[in-house]
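S.K.: just the structure for this:
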Amino acid sequence: MWLLGGFAAGLLLFLLVLLAGRREERVADSPDAAPPTADGTAYTPLPSPLPADADGASGMGDAPDAVAGDDSRPHLVEPPPPPPAPAEPEMPLPDPVAVEVPVSPSGEPTPIPGQTPPPRYPATSLRRGETGTVLVRATIGVDGRPRDLDVAQSSGYRRLDRAAMDAVRRWRFQPAQSNGQPVEASVNVPIEFTR
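M.R.: Model (predicted):
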């Protein structure tokens, strides 16, 4: 019963609001109703600007006369220029064609000290405790750069094998020598991953 009474009261209120809205629409649509106007705020016009040669045109008054020897006014102080750097003698750049590549006295390529960055130990392998030795077979060109790389002996972990190959790819070698000339040759490089 209460539910039915609440529903009836809500329906009655809805009808009253609907009828009141229609009544306002009829009043607004009637020919006697005055159209709405947009009366804006009345602004006072700005005064006209003074001519540039008029006294006080800027509104800041007259500029003070400069007094000779008055140091109370701020002035710009420039630091002295730095002394010129001593000129270094220019070293002639080597001709890229004439640069000599060091050649290994033995018959196989050897890594150049200081140009063998260590491999990056993969973080996942480090967390999982993966260790092992990778034997990378590299073909070294006459310019000392590795050409073809492959895994001659795997560590058992693919991540470690890839890290070893990436490291050897960045290495530089002294190429092998045959009859006094650098030649392309292969070398096996062991890379050990330990914790």
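S.K.: just the strands in the protein please.
M.R.: 110-111, 132-140, 146-153, 173-174, 176-178, 181-183, 185-193 (DSSP state E).
S.K.: want to throw the ones you listed into JSON lines with mean neighbour count?
M.R.: For glycine as for every other residue, the C-beta is placed from the backbone atoms N, C-alpha and C. What follows is the strands of the chain, written out as JSON lines (neighbours: other C-beta atoms under 10 Å):
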{"stretch": "strand 110-111", "mean neighbour count": "18"}
{"stretch": "strand 132-140", "mean neighbour count": "20"}
{"stretch": "strand 146-153", "mean neighbour count": "14"}
{"stretch": "strand 173-174", "mean neighbour count": "23"}
{"stretch": "strand 176-178", "mean neighbour count": "17"}
{"stretch": "strand 181-183", "mean neighbour count": "15"}
{"stretch": "strand 185-193", "mean neighbour count": "16"}
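S.K.: and residue 119, which of those strands is closest to it?
M.R.: strand 185-193 (5.7 Å; C-beta to C-beta).
S.K.: now the angle between strand 132-140 and that closest one, please.
M.R.: Interaxial angle of strand 185-193 relative to strand 132-140 (axes from the mean of the first three to the mean of the last three C-alpha atoms, to 10 degrees): 160 degrees.
S.K.: with adjacent residues omitted, what lies nearest to residue 157?
M.R.: Closest residue in space to residue 157, ignoring its immediate chain neighbours: residue 130 at 4.6 Å, by C-beta to C-beta, 6 or more residues apart in numbering.
S.K.: and for that neighbour, the neighbour number?
M.R.: 18 (other C-beta atoms under 10 Å).
S.K.: show me the contacts for it.
M.R.: The contact partners of residue 130, by C-beta atoms under 8 Å, 6 or more residues apart in numbering, come to 122, 155, 157, 159, 160, 193.
S.K.: check the residues you listed and tell me the two furthest apart.
M.R.: Between any two of those (C-beta to C-beta), the greatest distance is 11.2 Å, for 122 and 155.
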